[in-house]
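Novice: okay, predicted coordinates and the sequence, questions at the end:
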Amino acid sequence: MLVLASASPRRREILNSAGICCSVRPAEVDESRLAGETPGNYVRRLAEAKARAVQQPGETVLGADTVVVIDGRILGKPRDAADASRMLRLLSGRIHDVVTGVCVLRGEECRNVSETTKVKFSALSDSEIDSYVSTDEPLDKAGAYGIQAGASKFIEGIEGCYFNVVGLPISRVYRLLR
């Protein structure tokens, strides 16, 4: 059985919906970005670190990490409501990238990739931002929004994998597991 090195309920739901059974063993790793590290290298490194942190002999482990990137800046999960509001103002009316790193470990074999999806946000008013942030939904999501829930009404379009924006590019994961 696959081991998911993540506490994300969304990743588990995506895997289960695709018929991929898994157990969950969240990993604790230092998520500090290295100097000069590109967003793709950053999420791939974290995905691998998470998978290696929980791997036990004979297991296949999946690690993943997702960030939002705008103007070359990486937006992870907001620290608090004020940080979530700041992020949403930054994304308002603009196109940004969602980058997910995925690592599959099978023994010593390591497959590590990243997936990028472009997302276009509609322009948001201060009251829309305040109302959304008050739901607490954005507080545990990279870039302070969940495309699959309350923020769906702010998304004008995407280019790439929808599930990547949710947190796991399932088609890519399936190909890695085959």
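Specialist: Alright, I've got the coordinates. Residues are numbered from 1 along each chain as shown.

Novice: contacting residues around residue 173?
Specialist: Neighbouring residues of residue 173 by Cβ atoms under 8 Å, 6 or more residues apart in numbering: 15, 20, 62, 102, 104. All C-beta atoms are positioned from the backbone trio N, CA, C, and that covers glycine.

Novice: tell me the phi and psi of the fourth one?
Specialist: Listed backbone geometry of residue 102 is phi -130, psi 130, with angles given as degrees, to the nearest 10.

Novice: what backbone torsions are found at the closest residue to it other than its chain neighbours?
Specialist: Distance criterion Cβ to Cβ, 6 or more residues apart in numbering; nearest residue to residue 102, sequence neighbours excluded, is residue 64 at 5.1 Å. Dihedral angles phi and psi of residue 64 (degrees, to the nearest 10) take the values phi -150, psi 150.

Novice: also the one 5 residues further on?
Specialist: Its backbone dihedrals place residue 69 at phi -130, psi 130, with angles given as degrees, to the nearest 10.

Novice: returning to what we had before: okay, and which of the contacts of residue 173 map to helices?
Specialist: residue 15 (DSSP state H).

Novice: tally up the residues packed near residue 70, please.
Specialist: The burial metric for residue 70, expressed as a neighbour count using other Cβ atoms under 10 Å, is 17.

Novice: and residue 67, by the same measure?
Specialist: With neighbours defined by other Cβ under 10 Å, the count for residue 67 comes to 24.

Novice: repeat for residue 175
Specialist: For residue 175, the neighbour count with other Cβ under 10 Å is 12.

Novice: and what of residue 59?
Specialist: By the criterion of other Cβ under 10 Å, residue 59 has 16 neighbours.
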